[in-house]
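[1] what shape does this take:
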Amino acid sequence: MMKVQELRDKLKTAERDTLEKMVVEMYKKFPKAKKEEEIDLLIADLLAGIGEKREKKPREDRDFAGLKDEILEFIENAYAGNYFAPNRVIPKHLRSKWRFQVKQYVKELEKISMEDEHYKESGELLTKLYKMLCTACGYYLFSSDDPFRSVGIGQEEFFRKVLTRNFGTGYSEETIKEMLLLAGTVNLDRNTIYPELEACFISFLKTSDVKYAAMKLAKDVVQEKEEQLGTMKEYDSRRYGVTEAIREMCEINLAIGIVLGEPEKEITYFFKHFGGRGYEKEVAFYVALKVVDIYGDDDLWRRVYEKGLRMKISPREELREKYEKLKEERGEA
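    Have a look, this model is predicted:
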């Protein structure tokens, strides 16, 4: 392998045309993702510096007002598609740098301590950035279709940061509801599932009062969504998203009920609101047992299973096998 100094020596004697051709051929060898994430940025930085070695100066802390304005402007441009489609607002060579901007914003917001007068606002800005990345999981706001991975912060990890900062100022009804919706109604990246976000949300509900408040709000959302469904035609394209929101709220409500040690009423609520008729009852049955698997114990699992049998639901083979195994362990086979 050639040493760096050897390469420098060879380049000194090369013609300009040869150098251009060599750079282009080397550029072609890189995969597209590598070009977007690293090479394009490196080239832009080198050209901006006219090839000179520049000392990296530490970025001075800006005032909060300046940081807030910059973040809000960035988010506005992202939603407008200015980091994805050709436009005159964001120069082409800066569009692929969005991921570094987000990482920097997160770092700066996390530096703001709880004692700072801007702590609450920092949580609100972090939440806006999270919502934007969630949106980008379902719509092209950037060149990447996996925005959390591009930023280098997993969706669950980012959500945990949002929860930490928002609940750091207390548990208002407004905040609980916003975090609840961020757990169960956002677009997901390819590595995340709702139960992970929902478990994260529930883990931040530190007292019984807060848990009861979250359950009430989840049921409020269910009621709101059911009323929306009532106004929609059978083949309305929005029905799927509204139905999924109802189901995720039902799962969260059941999970919290189990954590509180009061599952019976919430199991009945779950079966009433989660699924409709026919095969959907079996889906509701299956999902309820999955929730119990995570938050409950074997005894509760058996009770829910037997409730499903009384409702004339035919369980899947894997559920029947587990039930028989639990009976054997209790000497009931």
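
[2] so which bits of stretch 296-309 are buried?
    By neighbour count with 16 or more other Cβ atoms under 10 Å, stretch 296-309 contains the buried residues 296, 300-302, 304-305, 307-308. In short, each C-beta sits where N, CA and C put it, glycine included.

[3] how about it as CSV, C-alpha atoms only?
    Output of stretch 296-309 as CSV, limited to C-alpha atoms (Å, rounded to 0.1, in the frame of the first residue of the first chain):
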residue,chain,number,x,y,z
GLY,A,296,-47.8,-9.5,33.3
ASP,A,297,-47.2,-13.0,34.6
ASP,A,298,-48.1,-16.5,33.7
ASP,A,299,-51.2,-16.5,35.9
LEU,A,300,-52.6,-13.4,34.2
TRP,A,301,-51.7,-14.9,30.8
ARG,A,302,-53.8,-18.0,31.5
ARG,A,303,-56.8,-15.9,32.7
VAL,A,304,-56.7,-13.8,29.5
TYR,A,305,-56.4,-16.9,27.4
GLU,A,306,-59.4,-18.5,29.1
LYS,A,307,-61.4,-15.3,28.7
GLY,A,308,-60.7,-15.5,25.0
LEU,A,309,-62.0,-19.1,24.9
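
[4] quick check, distance from it to the centre of its chain.
    Relative to the chain's own centre, stretch 296-309 is displaced by 31 Å; criterion: Cα atoms, centre = their mean, to the nearest Å.

[5] give me the contact list for it.
    Residues outside stretch 296-309 that contact it (Cβ atoms under 8 Å, 6 or more residues apart in numbering): 258, 263, 267, 271, 285, 288-289, 292-293, 315, 319, 322-323, 326, 329.

[6] now do the helices in the stretch 101-250 of the chain.
    For the stretch 101-250 of the chain, the helices defined by DSSP state H, counting those that start in this stretch occupy 119-136, 147-151, 155-167, 173-184, 194-203, 208-230, 239-259.

[7] right, so of these, which gets closest to Ile75?
    helix 119-136 (5.4 Å; Cβ to Cβ).

[8] which other residues reach that closest one?
    Here helix 119-136 makes contact (Cβ under 8 Å, 6+ apart) with 64, 68, 71-72, 75, 78-79, 102, 105-106, 109-110, 112-113, 116, 141-142, 144, 147-148, 151, 155, 158-159, 161-162, 165-166, 168-169, 178, 182, 186-188.

[9] likewise for stretch 255-266?
    Residues contacting stretch 255-266 (Cβ under 8 Å, 6+ apart): 198-199, 202, 205, 208, 211-212, 214-215, 218, 253-254, 267, 291-292, 294-296, 300.

[10] contacts only, for Asp189.
    Counted by Cβ under 8 Å, 6+ apart, Asp189 has contacts 137, 146-149, 154-155.

[11] per-residue confidence for it?
    If you check Asp189, the pLDDT there is 96.

[12] contacting residues for the spatially most central residue of the chain?
    Among the residues of the chain, the one closest to the centroid is Gln155, at 3.7 Å (Cα atoms, centre = their mean). Gln155 sits next to 133-134, 137, 148, 188-189, 191-192, 197 when contact means Cβ under 8 Å, 6+ apart.

[13] what about it, distance to Lys161?
    Per Cβ to Cβ, to the nearest Å, Gln155 is found 11 Å from Lys161.

[14] kindly report the same for Lys325.
    To Lys161, Lys325 is 40 Å away according to Cβ to Cβ.

[15] do the same with Gly241
    Computed as Cβ to Cβ, the Gly241 to Lys161 distance reads 26 Å.

[16] compare the two (neighbour count), which wins?
    Between Gly241 and Lys161, counting by other Cβ atoms under 10 Å, Lys161 is the more crowded of the two (18 against 12).

[17] who's in contact with the more buried one?
    Each residue near Lys161 by Cβ under 8 Å, 6+ apart is listed here: 106, 110, 126, 130, 153.

[18] for those residues, work out which two are farthest apart.
    Between any two of the contacts of Lys161, the greatest separation by Cβ to Cβ is 12.9 Å, found for Glu110 and Tyr130.

[19] counting neighbours, go ahead and name the busier of these two.
    The neighbour comparison of Glu110 against Tyr130 (other Cβ under 10 Å) goes to Tyr130, with 21 against 13.
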